[in-house]
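K.L.:
Below are the sequence and a predicted model; questions follow.
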Amino acid sequence: MEARPDIQVVDSQSAALWKTLRRALTGFTARTLLQGAITIWAVMTFTFILIRQMPSNPVQIEAERIVREEQLSYDEAYSRAAALFDFNPDQPIIEQYVEYLGRLVRLDLGQSITSAGTPVLDQILQYLPWTVFSVGLGLLISFTIGIFVGMAMAYWRGGILDNVVTAIASILFGIPNYIIALLIILILGVQLGLIDIANALGRVDPTLEPGFTPEYILSILQHALLPVFTYVAATVGGWILTMKSSTIATLGEEYVTAAHARGLSQWRVLTAYVGRNAMLPLVTRLAISIGFVVGGSVIIEDIYRYRGLGKFLVTAIVARDYTSMQGVFLVIAISVVFANILADVLYGALDPRVRVGGKER
Amino acid sequence: MDTLPKDVVLSVQDISISYLAHRGRTQAVNRVSFDLRKGETLALIGESGCGKSTLSLGIIRLLPKTGQIDQGKILYASRGGEVINLLDLNNRQLRDFRWAECAMVFQAALNSLNPVIRVRDMVYDTARAHGRTDREATRKRMLELFRRVRLDPDRVFNAYPHELSGGMRQRVLLAMGVLLDPQVVILDEPTTAVDILTQRTILEVLKELRESMGFSIVFISHDLSIAAEMADTVATMYAGEIVEIGPVNEVFYRARHAYTFGLLEAVPTLSSGAQDLISIPGSPPDLIEPPTGCKFHPRCPLATPRCAREVPPLVEEAPGHKVACFESAQVLAQSQRLAESQHSPAGL
Amino acid sequence: MRKVTLLVLVALLLGSVAPVLGQTGEAPAGTFYGAWPYFLPPDGHLNSFSTGGPASSLGLYYRWVELPMAYYLAAEADYEPWLAESWEFEGEEAFVVHLRQDALWSDGSPITADDLIGTYAIGRILKWSDFNYVGEVEKVDDFTVRFTLANPSLLARHIILRTTIRNMTVYGDLAQKALDLYASGAAIDSEAWLALQTEIKEFRPEQVIASGPFIYTLDDVGDSFMSLHWQPNSIFSESVQFGTVQIWYGETEAVTPLVLDGKVTYATHGFPPATDQAMQDAGLRIIRGPYNYGAAVYINHDVYPWSRPEVRQAMAMVIDRAESAFLTKGLSALPVQYMGGMSDGLIQLWLSEDEVAALNTYAYDPAAAEALLLGIGFTRNAEGKWLDDNGDPVAAEYTFQAEWADYGAAAQNAVEQLNAFGFDITGRAVQWQQLDEDIKAGNFTLSVRSWGASSPFPTDQLNGPLRSWNYTGLTEGQTGLNFPMEFEWNGEQIDFTALIAATGAGLDREVQQPFVAKAVAIFNDLLPVIPLSEALTNNPLNENLASGAPADDDPIWRNGGGSADNYITYLALKGILTPGPDAM
Ligand SMILES: Nc1ncnc2c1ncn2[C@@H]1O[C@H](COP(=O)(O)OP(=O)(O)O)[C@@H](O)[C@H]1O
Ligand SMILES: [Mg+2]
């Protein structure tokens, strides 16, 4: 009997949540999607032209490799390279573009130029999940740590925590991630021998059978440790400092004092009053970061031999594999566009003032 | 164990509050004492920077980290008759005390509502913090209070702050202030940021609530006409000190402190008109290095060398009317002349 | 007729028994740790006719899986028979290869002429460049194949013998289609041809059948390393001393820490000088084999006074090549000695002692350079800066590759030394591929690029700069170096293009030799580009992981660290290299 009102409360709460979401989403109708599609098309076209303006082409690059590896003359190597690829450097760019677009509307990303017979989509599917996993996990951890530590520092501003972490965060903030990675490898790995750099690197222990086995999953997590740690180390400083300043600003707001005056518990004030408001400026940044997750971090992936999309993109660029590059750029463009939409939805859910649909009727 | 006269609900005794800043210590409140009786409305008047807000924050113990209460007592008589010193409360007890016993409507009322959650969530938060978990009862009471402050209850209850106008928000705060039926409500300049019509509505509903619920009010204002309209007792603060306190008619018609008189002269009235407004030249002193003697003497037209040397004590010159001014007789004469020339200071 | 059939039958029988015999061997203990940026599935697969397959993915380790017919020994300019037993030219008509009769695939079947025929049948559809030299590929008997020559040359032999043979159990269907298509007379750009080409490239076999002592499946290809496993049936299964080859994934940056940490037996990546030093400090042996090319000053012969041979000769004498080599690549570069447009080692191999002695070595000698320039009417101005015979300052911009630390250093050092001599040169860094375009377009005065070529053939060596970078080898409108290929030299009209072509024409080294000597002498005199240093490999060899590598002066090291004919391939497969104490 007594439980009834509670159930109703829960019901009405979830209904309200649903309503909020619906309202946030109704704004994203055809217009938003069209905008996104146009953005993606524009980026696609731009990169299509741009990457073909880079000096050299796949055949030349392959010819140079053959010259090096097979000790043949350049002419010899060029004719071999030309035979390897289904790529005609002399085809007019507009023709290539129309062909590409024609395939794209059928959701066909084409085949890799330098790995003839391999669909670009397969390549992306092979590398994308690893990057999304490692960079995404790094971002998630970094953001979470940043939020909590930043808030704590603002709250106990001027304390030991604040001073120590501010110093560390400022230093970390200034170090590029690949320097951190190199330091880890060279100092912890080579000099001190604390990390078995031979086996700790890569994505997973290659001797394990892939599958949903505890060993395999554990191995994935173990191997992600270094890259994720590096991503966190390189970005957490930024999150912490931003969250700290944002929280300090929020703590000075009248509604926080007012909440205290109403006798609210510290926790409730910190979460619903300080935290939620202080996080608002970070949401946009988060969304932008999410958008760039798929690009991965090229150098980190290289240093840790963590073969993700970023590393793949570089390999494709070096080989001038236009179709593979194009595929990756497309995925990046799509994810950035979606991240922006996500940012709007998220922002709308967190801040009623900017919610699409305006005032409640 | 402290005791209080039977009808006193809040007694501020010899309170000093200072802020630590880079430049030094700001003595924002200096040895202030007053009693607030049940159902009484005390108006605290004075220019900006005189320490009114600091004093009220001190009462609910919500000073910022840089602020501290240096001395004194703040005694509070609970409904059960128990007298507690608010300075002895621990965090838990303080949280219980706030709002349930003493609510406060802040000066920046428009920013006092969390912009990202609904009014009702703030209401529920408040109720829950004080152990009132029956949401339905809370809702009913809140809707009733909203009705009494002349708001559309359902719409306001479910609204986000940005969907409400300034005057509506002010009334939301007012209504929320009395949600837990406190004995004392502190209102820090509740009418400053709103237009004149809204101001009227607020004063009306405030009076109605006071009538029906019987709480005491500390009403902070630098608008003397409003103070006159609302208050039973008026206290003038200058540079962190109460320089004059007394029944409303005493203080307004027979002001005995040169500062109070200066404020009265500055009130625009129907008869004098805005262009005749005489404001006190200069501004309140630096509270890190305040003037010697009477802190008002550098700005005082009646100041004598003694005023710069000696601190005038707060003495009761008429029943219930205390003043700290060496030239109170002269001021009294002037203020009586002023009172005759304009039938009522609350001339609206 | 019957006899032949019988012989074949016996051979086949022997072939089927042999694996039983061969399989008695146990996999040797010990692991070889290599490093290479191999392809990961789906880019990586097992079709060695298609990019991403073993041939393009495994680097030098490919030849540990699929063997070529012969191994080229650079120091002797000769071949060691591997899958082939012998070969000969039939006049200028054909080149005949006799395969070993005891060589087996990993599945135990013999390696026969059909495999070689099939390999070339598919290669023809894929437009292999071999068919620039080869006409028909005919089976003579089960172990003999005859290549008719479209373009008889020693290069044809080189290219054929270094080809790996593929297994027809795996590729037989495709090979049959290829043979049928060719027999049908289909045009090379016909629909059917292109369709078969696509089918070949998209073919994804499920297994490798190896001729080399190692084999692998896609399950062995991990993202951080891949493994090759010993198999008993190869001609090298007995000799090779490693049971497993573990190849770490990675390019130079990723592999460096592993090398320094002692986790890599041998790496063929190009390491920067700082890493080179760190590797030495870590106790690794550094193998410095020749690349047969190196940094040279490129000159635009359209621009006066650089078009004058005397100016180039003077430059050769005022740039201290020892200093240049050291600054370019540290110990991994040698100053060029003979300045003949070919690697010094190859000049010694091809030219007689007298011919070598007649070459001008352009020893560092500013005084001689001074005299040379004064002799052609150049002067120095008041500040000691050179003016040409028209009184114009000897000034130029010297462009170099912004991304190439070594060539950048070579260029900057050359600028410094030339300025010290009194020229007025300014260096400018340019994105490397842009610089390539600039040089080809003749849009430069001085720059840095390579002399020589990785190919050990004199023709390719001399053509290195003169075909890829001179108007003769470039497209319409591109002038490149603009070095005139027809000129008078020592009173004789020279067609340099024809002369260089003659260095590789025909099937007789003895006939080619005088042309090589003459071309080198001309290059040495006219200096179309000015060689500075010859690059050396700096491949680390970890002797804790592998023992038995011969001393630094062993001729095998002249083979270089490329993928084909790699010295380590030879040492490992022949069993000269054995697992070191840490590799067991
Ligand atoms: N957080 C603070 N830190 C330091 N000084 C403060 C702070 N708040 C107020 N003050 C100082 O205390 C004095 C009284 O301020 P306040 O109580 O806000 O006056 P009022 O409410 O009468 O305008 C002023 O001099 C003001 O500068
Ligand atoms: Mg105030």
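P.N.:
Happy to help now that I have it. Ligands and ions are numbered 1, 2, ... in the order given.
K.L.:
alpha carbons only for contacts and neighbour counts from here, please
P.N.:
Fine.
K.L.:
does any part of stretch A:323-339 sit near chain C?
P.N.:
No - counting by C-alpha under 8 Å from any C-alpha of the partner chain, chain C has no neighbours in stretch A:323-339; the shortest distance is 10.7 Å.
K.L.:
Residues contacting that stretch, please?
P.N.:
Here stretch A:323-339 makes contact (C-alpha atoms under 8 Å, 6 or more residues apart in numbering or on different chains) with A:36, A:39-40, A:43-44, A:47-48, A:109-113, A:120-121, A:123-124, A:287-288, A:290-292, A:294-295, A:309, A:313, A:316-317.
K.L.:
which bits of chain B sit near chain A?
P.N.:
Within chain B, the positions near chain A by C-alpha under 8 Å from any C-alpha are B:60, B:62, B:94-100, B:103-106, B:108-109, B:111-117, B:125-126, B:129-130, B:159-160, B:162-163.
K.L.:
Inside helices: which ones of those residues?
P.N.:
With helices taken from DSSP state H, the overlap with these comprises B:94, B:95, B:96, B:97, B:125, B:126, B:129.
K.L.:
for the last one, what are its contacts?
P.N.:
For residue B:129, the residues meeting the contact criterion (C-alpha under 8 Å, 6+ apart) are A:263, A:264, A:265, B:96.
K.L.:
The last one against residue B:131, yeah?
P.N.:
Translated: residue B:96. No - under the criterion of C-alpha atoms under 8 Å, residue B:96 makes no contact with residue B:131, lying 9.2 Å away.
K.L.:
who's more crowded, those two?
P.N.:
residue B:96 (19 against 10; other C-alpha atoms under 10 Å in any protein chain shown).
K.L.:
residue contacts, the more buried one?
P.N.:
A:263, B:129, B:130.
K.L.:
Need the three-state assignment for the spatially most central residue of chain B.
P.N.:
Geometric centre of chain B, nearest residue: residue B:220, 2.8 Å, by C-alpha atoms, centre = their mean. Here residue B:220 is recorded as strand under DSSP: H, G, I helix; E, B strand; the rest coil.
K.L.:
Can you give me the separation between it and chain C?
P.N.:
Relative to chain C, residue B:220 is positioned 70 Å away (C-alpha to the nearest C-alpha, to the nearest Å).
K.L.:
do the same with residue B:148
P.N.:
Applying C-alpha to the nearest C-alpha, the value for residue B:148 to chain C is 72 Å.
K.L.:
pretty sure that residue is in contact with residue B:206, am I right?
P.N.:
No - counting by C-alpha under 8 Å, residue B:206 is not a contact partner of residue B:148; they are 9.7 Å apart.
K.L.:
Got the confidence number for residue A:11?
P.N.:
For residue A:11, the pLDDT comes out at 53.
K.L.:
and if you look at residue B:22?
P.N.:
For residue B:22, the predicted pLDDT is 84.
K.L.:
so what's it up against?
P.N.:
Taking C-alpha under 8 Å, 6+ apart, one finds nothing in contact with residue B:22.
K.L.:
so it, which of the three states?
P.N.:
Following three-state DSSP, we place residue B:22 in the coil state.
K.L.:
quick one: it from residue B:58, how far?
P.N.:
Distance, residue B:22 to residue B:58, by C-alpha to C-alpha, to the nearest Å: 21 Å.
K.L.:
Just the strands from the stretch 1-150 of chain A, written as ranges.
P.N.:
In chain order, the stretch 1-150 of chain A shows no strands, with DSSP state E, counting those that start in this stretch as the criterion.
K.L.:
what ranges do the helices span in it?
P.N.:
Listed in chain order, the helices of the stretch 1-150 of chain A (DSSP state H, counting those that start in this stretch) span A:3-26, A:30-53, A:58-70, A:74-84, A:93-105, A:120-155.
K.L.:
Among the ones in helices among the residues of chain B next to chain A, list the two that are farthest apart in space.
P.N.:
For these, the maximum inter-member distance is 16.5 Å, found between B:94 and B:125 (C-alpha to C-alpha).
K.L.:
Which single one of the contacts of residue B:96 is nearest to chain C?
P.N.:
residue B:129 (55.5 Å; C-alpha to the nearest C-alpha).
K.L.:
show me the contacts for residue A:231.
P.N.:
A:135, A:138, A:139, A:142, A:177.
K.L.:
returning to that earlier point: can you flag which of the residues of chain B next to chain A belong to strands?
P.N.:
Among these, DSSP state E puts B:103, B:104, B:105 in strands.
K.L.:
Can you give me the domain boundaries for chain B?
P.N.:
The record's domain parsing of chain B by automatic domain parsing lists B:8-231, B:253-317+B:327-347.
K.L.:
so how many other residues sit close to the residue of the stretch 401-550 of chain C found nearest chain A?
P.N.:
Closest residue of the stretch 401-550 of chain C to chain A, C-alpha to the nearest C-alpha: residue C:455 (4.3 Å). Neighbourhood size, residue C:455 [other C-alpha under 10 Å]: 21.
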